[in-house]
Each structure stands twice: as C-alpha cells, then as structure tokens.
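Visitor: this is the structure alone, sequence omitted:
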Ligand SMILES: Nc1nc2c(ncn2[C@@H]2O[C@H](COP(=O)(O)OP(=O)(O)OP(=O)(O)O)[C@@H](O)[C@H]2O)c(=O)[nH]1
C-alpha cells in the first residue's frame, strides 16, 4: 500500500552555510511541490530567516532554542500540530504533502531524525524523506578541521549541497569534495550558487582529502551561543559598519555569524556576515514582521556576551549600558 504519511525534508548545515538562500530559491521555483509547510528553527530569540522565507505558503517559526536539543519539545509539538490539522481533512482533500525543516546552524540533523523516529505519534504521520545538508565551499574545510558539529552534520546527510562555489578556489573545492567523500561517501553531492543548481566540474584524479585531526564529541573551545544586541535608534550607520568590520577583523574566527535587520533611512536593511565575509546589505520589504528590527544577533564563542554591546556603544560614543 502507498505510504500516505507526510514527507519531511530536514535541511541542515553549519551557521551561515547557505540554508535559507537555498531554500528560498527552491520554494520560489516550486521544487518541493504545491503543499509544503516550512518550519524554521533559529537558535536565537530574534529570528531573521522568517523574514527571508516570507514567500512560503505556510510557515512555523521556532526561535530561541536549537531543535536538536533544548528546542526539541517545541519541534515535536509543532510537528504534531501540523499532523493533527492534516488528519482532520479527508484523504481526498488538498492536504499538506511535505514539511521542510530548516534547522538552526547549531543543530545535529541526526539527533532530529532520531527524535522524530522515536516519537510514538510522529512516526505514524511523518516519514523523513531526506536530510539535505548545505556545505559552505568557502568555510567548510576550516570548520571540519575544528568543529565536531560540522562533521556530525556532514555525516548525517543523504544529500550535500555545496554552496558558494562561485567564490571558492577550484583547488580548495576539489580538496573539500575529496574530504567530504571520506566523511560520508553515501551522500549525493551537488552544488548551488545563491540557491540555483550549478554543475560541478569532474573531480580531478589527483584530488586528495584534507588531513583532519581527531576531535572529541564536543568542541574544547566551549559552546557557540547567540547574543542579541539592540541597535539604538538613529544609529550612525557608517560608524556602526566601521565598528563591525574592526570587530570581525579582530575576532572573525570566534564570531561565526552575525545577522539582523536594521532600520535605516534607506529602509529595512538585512545585515549578515559569515566569519569575516560581510554580505552586501539587502533591502527587505517594508511589510512583514518588523518586531525583530534593530536587533542584531551575534553567534560565536570566546567572548563575554555583554562586552559586545558595550564595545559598540563605546565605539559609537553612546552611553555604555551597565546591564548586559
Ligand atoms: N557568494 C555566495 N554567497 C552565498 C551563497 N549562498 C549563500 N550565500 C551567502 O551566505 C550568507 C549566509 O547565507 P544564509 O542562506 O543566510 O545561510 P544560513 O545557513 O541560512 O544561515 P544560518 O541560518 O544563520 O545558519 C548570506 O550572506 C548569503 O547571501 C552562494 O552560493 N554564493
């Protein structure tokens, strides 16, 4: 008999690897079919990805905790709600067919698959169709050398999408592909630039994998955490970008990801960086949920969260907050 359970695609990948960009494009071209619901998980309280995925037909946002660990119950509850709503419709109605879960960049997709498959309700309603993992061609080799999480994400993939191949060096890309094959030889590998599929060149015969050091289960440098910093009204934008550039120059290896929406005279600007790479700001539509505007999320380790806001205020010549 045909399996009528809801299909679930899990979209994982390290912080800033290009998950949202890829998903946004797939939704735009209808790659997931007509009746798809997107669940977006962000580790930070202040969500940004939902603003980018606003075109999705149905969307659930789970922010403030990673779904593979602290946010697991919220994910289970959200999936159960979707299953309940679907079960209330008759089988010949236009029922939901697929859920795409974009995990936070800090999630282990394998732990999410396990959580779903061990839930006595979900297992009857949902089948995990595929775990797709976005792999950042610019930063993945460095991540795989040092981050146990990066290796777990790659290991959990059924399919890997190499992103940012437009900006990566061909020799480094060949090394990355050979390295991915040693970590997970079963996953299909393809590439996309800004979400659009591109062909990968044949892998050179002499491409050798990088030598990866052994890593423990957790990173010895401590956990990566999100910190929110409120942006003052009437901010001097040039001074702010100067501060941010200086911060990334000095601490870009610790500050893995920065993102947020800032209100400026030019409109709502989406600001984002991945390590030391600063993306040109994108103007977002005025409509949409503006509750998170003027909040920037910094995700990283190796600094005291309260020092970020203090440093920014000091640099901008503003009164330095005493509270974190
Ligand atoms: N050059 C280039 N940049 C890309 C590509 N894909 C994504 N980016 C950029 O990489 C940055 C991060 O992309 P996102 O799609 O937000 O990454 P993400 O994995 O959803 O990020 P988190 O949810 O924070 O983990 C953005 O500035 C994108 O514009 C690509 O193929 N090429």
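Guide: In hand now; what should we look at? The shown structure was predicted, so the numbers you read here are calculated from the model rather than taken from an experiment.
Visitor: residue contacts, residue 179?
Guide: Contact partners of residue 179, counting by C-beta atoms under 8 Å, 6 or more residues apart in numbering, are 141, 144, 209, 210, 212. (Glycine included, C-beta is placed from N, CA and C.)
Visitor: the stretch 101-250 of the chain: strands as residue ranges?
Guide: Remark: strands assigned in the stretch 101-250 of the chain by DSSP state E, counting those that start in this stretch are 126-136, 159-163, 188-193, 196-198, 225-230.
Visitor: most neighbours, which of the contacts of residue 179?
Guide: Neighbours here are counted as other C-beta atoms under 10 Å. On that basis the top member of those is residue 144, with 23 neighbours.
Visitor: isn't that residue right next to residue 212, touching?
Guide: Yes: when contacts are counted by C-beta atoms under 8 Å, residue 144 is listed as touching residue 212 (6.0 Å).
Visitor: find residues that contact each of the two.
Guide: Each of 151, 179, 183 lies in contact with both residue 144 and residue 212 under the rule C-beta under 8 Å, 6+ apart.
Visitor: out of those, list just those in helices.
Guide: Taking DSSP state H as the definition of helices, these contribute 151, 179, 183.
Visitor: out of the residues you listed, who's nearest the ligand?
Guide: Distances from these to the ligand were compared by C-beta to the nearest ligand atom; the smallest belongs to residue 151, at 16.6 Å.
Visitor: dump the residue contacts of that closest one.
Guide: 144, 183, 212, 215.
Visitor: how near is it to residue 120?
Guide: In this structure, residue 151 lies at 31 Å from residue 120, with C-beta to C-beta, to the nearest Å as the measure.
Visitor: pLDDT check: weakest of the contacts of residue 151?
Guide: Confidence by pLDDT is poorest for residue 215 among these, given 88.
Visitor: need the three-state assignment for residue 23.
Guide: Remark: residue 23 carries the secondary structure label helix [criterion: DSSP: H, G, I helix; E, B strand; the rest coil].
Visitor: for the ligand, what are the nearby residues on the protein?
Guide: Counting by C-beta under 6 Å from any ligand atom, the residues of the chain lying close to the ligand are 13, 15-21, 49, 105, 134, 163-164, 166-167, 193-194, 257, 259, 272, 274, 279.
Visitor: which non-adjacent residue is nearest residue 281?
Guide: residue 269 (4.3 Å; C-beta to C-beta, 6 or more residues apart in numbering).
Visitor: unless I'm mixing things up, the one you found is touching residue 280, no?
Guide: No: between residue 269 and residue 280 there is no contact, the gap being 9.9 Å when judged by C-beta under 8 Å.
Visitor: please say which of the two ends up with more neighbours.
Guide: For the pair residue 269 and residue 280, the greater number of neighbours falls to residue 269 (17 against 8), based on other C-beta under 10 Å.
Visitor: can you pull the contacts of that one?
Guide: Contacts of residue 269 by C-beta under 8 Å, 6+ apart are 261, 262, 263, 281, 282, 283, 284.
Visitor: I'd like to know which of those residues are part of strands.
Guide: 261, 262, 263, 282, 283, 284 (DSSP state E).
Visitor: does the nearest residue to the second one once chain neighbours are set aside count as helix, strand or coil?
Guide: Residue nearest to residue 262 in three dimensions, not counting chain neighbours: residue 269, with 5.1 Å by C-beta to C-beta, 6+ apart. Secondary structure for residue 269, judged by three-state DSSP, is strand.
Visitor: tell me the bridge partners for residue 269.
Guide: With DSSP bridges as the criterion, residue 269 is bridged to residue 262, residue 283.
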